[in-house]
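K.L.:
Sharing a model that was predicted from the sequence below.
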Amino acid sequence: MTQLLEARSLDKRFGGLHVTRNVSFSLTEGERLALIGPNGAGKTTLVHQISGVLRPDSGAIHLRGENVTRQHQAGRVRAGLARTFQITTLAPHFPVQRQIELALFERERLTWRAWRRIDSYPALQAEAQELLARFGLRRHAATPTQDLAYGEQRLVEMALALALRPQVLLLDEPMAGVPKGDGARLLAALDALPRELGVLIVEHDMELVFRFATRILVLAEGAVLADGTPEQIRRDPKVRAAYLGN
Ligand SMILES: Nc1ncnc2c1ncn2[C@@H]1O[C@H](COP(=O)(O)OP(=O)(O)O)[C@@H](O)[C@H]1O
Ligand SMILES: [Mg+2]
């Protein structure tokens, strides 16, 4: 299996607070790695170091063998890493389909001007249609994203991340705030992610974690408490004591 992502001995402090302590892990092709741990364990801080939002104080991050520790977010995206952005930080008044087309144009390094002649790019138009269909968003193609239900906005965010054709996808609590009734569609979208994609997901819902993950990394107070298959994690006494309870 191809190694996609490797984090080596990451350390990060915020002033006197040591929030990432010597964290190492790897992610291979097709793997679904869930990052779990109590609130404040340092999960988001770790994900931010992977995506390039934050620089680790020490340690290294390799993406498909390339050391990207000093690269900015855009460089990591080009190296095959995508994370979801909140729609609200993009262009909320844009219709869903246009938003997806724009992401595809960005991936192809085409300009805004080219995008206005989208009819000349039938392959990209077809790809936008495929993404809409994959996420069950066809009937919302013309809807401004800001008018979608909250759970549907999460689907658009995932479609936009996939539009970049990443090898690695980072998802930080994709289900947070999604009403129970909309959860099923999001779960279906997770299940339908391209098989070869490596996925790192932060999620609190343990039912989802144990259903979706092929491996689980447990963080506690910034350090790796355990790293193993769902079965190993379920039976790990340290994890049960620190996090899972009984
Ligand atoms: N930018 C920051 N400056 C200072 N402290 C921070 C910052 N971001 C997070 N922290 C602190 O780092 C710790 C880990 O936070 P976080 O990574 O958000 O945890 P989690 O996502 O596991 O809940 C917390 O104690 C939090 O208050
Ligand atoms: Mg968090």
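P.N.:
Structure's in. What do you need? Numbering: from 1, shown residues only. Ligands and ions are numbered 1, 2, ... in the order given.

K.L.:
buried ones in stretch 222-239?
P.N.:
Gly222, Val224, Leu225, Ala226, Asp227, Pro230, Ile233, Asp236, Val239 (16 or more other C-beta atoms under 10 Å). In this view, the C-beta of every residue, glycine as well, is placed from N, C-alpha and C.

K.L.:
Check the residues you listed against ligand 1 and report the nearest one.
P.N.:
Gly222 (7.1 Å; C-beta to the nearest ligand atom).

K.L.:
got the phi/psi numbers for that closest one?
P.N.:
Backbone torsions for Gly222, taken as degrees, to the nearest 10, come to phi 80, psi -10.

K.L.:
Report pLDDT for it.
P.N.:
Listed pLDDT for Gly222 reads 97.

K.L.:
Is it correct that it is in contact with Arg13?
P.N.:
No - the pair Gly222 / Arg13 is not scored as a contact, 9.3 Å apart, by C-beta atoms under 8 Å.

K.L.:
Which neighbours do the two have in common?
P.N.:
Val19 (C-beta atoms under 8 Å, 6 or more residues apart in numbering).

K.L.:
Ligand 2 contacts on the chain?
P.N.:
Residues of the chain lying close to ligand 2 (C-beta under 5 Å from the ion) are Lys43, Thr44.

K.L.:
what residues go with each domain of the chain?
P.N.:
1-80+166-246, 87-165 (automatic domain parsing).

K.L.:
looking at those, which one has the lowest mean pLDDT?
P.N.:
Checking each of those, the one with the poorest mean pLDDT is domain 87-165, at a mean of 90.

K.L.:
before we move on, the earlier item: select from the buried residues of stretch 222-239 every entry located in helices.
P.N.:
Pro230, Ile233, Val239 (DSSP state H).

K.L.:
Contacts for stretch 28-39 next, please.
P.N.:
Residues contacting stretch 28-39 (C-beta under 8 Å, 6+ apart): 1-4, 25, 27, 43, 46-47, 167, 195-204, 206, 209, 212-220, 225, 242-243.

K.L.:
Revised request: answer the last question for stretch 46-59.
P.N.:
5, 7-13, 20, 22-24, 35, 45, 61, 68-73, 75-76, 81, 83, 170, 172, 200, 202, 219.

K.L.:
Same check on stretch 106-117?
P.N.:
Residues contacting stretch 106-117 (C-beta under 8 Å, 6+ apart): Glu101, Leu102, Phe105, Ser120, Tyr121, Leu124, Ala163, Leu164, Arg165.

K.L.:
For Leu186, list the residues it contacts.
P.N.:
Gly151, Arg154, Leu155, Pro174, Met175, Val178.

K.L.:
What parts of this protein come near ligand 1?
P.N.:
Listed as neighbours of ligand 1 in the chain under the rule C-beta under 6 Å from any ligand atom: Phe14, Leu17, Val19, Gly37, Asn39, Gly40, Ala41, Gly42, Lys43, Thr44, Thr45.

K.L.:
Export only the CA atoms of stretch 18-38, formatted as PDB.
P.N.:
Taking C-alpha atoms only, stretch 18-38 is exported to PDB below (Å, rounded to 0.1, in the frame of the first residue of the first chain):
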ATOM      1  CA  HIS A  18       2.200  22.000  25.100                       C
ATOM      2  CA  VAL A  19      -0.600  20.900  22.800                       C
ATOM      3  CA  THR A  20       1.100  18.500  20.400                       C
ATOM      4  CA  ARG A  21       3.600  16.100  22.000                       C
ATOM      5  CA  ASN A  22       5.900  14.000  19.800                       C
ATOM      6  CA  VAL A  23       3.000  12.900  17.600                       C
ATOM      7  CA  SER A  24       3.800  10.400  14.800                       C
ATOM      8  CA  PHE A  25       1.400   8.600  12.500                       C
ATOM      9  CA  SER A  26       1.000   7.600   8.900                       C
ATOM     10  CA  LEU A  27      -1.800   7.200   6.500                       C
ATOM     11  CA  THR A  28      -1.800   4.900   3.500                       C
ATOM     12  CA  GLU A  29      -3.900   4.600   0.400                       C
ATOM     13  CA  GLY A  30      -7.500   3.700   1.000                       C
ATOM     14  CA  GLU A  31      -7.200   4.100   4.800                       C
ATOM     15  CA  ARG A  32      -9.900   5.700   6.900                       C
ATOM     16  CA  LEU A  33      -8.100   7.000   9.900                       C
ATOM     17  CA  ALA A  34     -10.200   8.400  12.700                       C
ATOM     18  CA  LEU A  35      -8.600  10.800  15.200                       C
ATOM     19  CA  ILE A  36     -10.400  10.700  18.500                       C
ATOM     20  CA  GLY A  37      -9.800  12.100  22.000                       C
ATOM     21  CA  PRO A  38     -11.400  14.300  24.600                       C
END
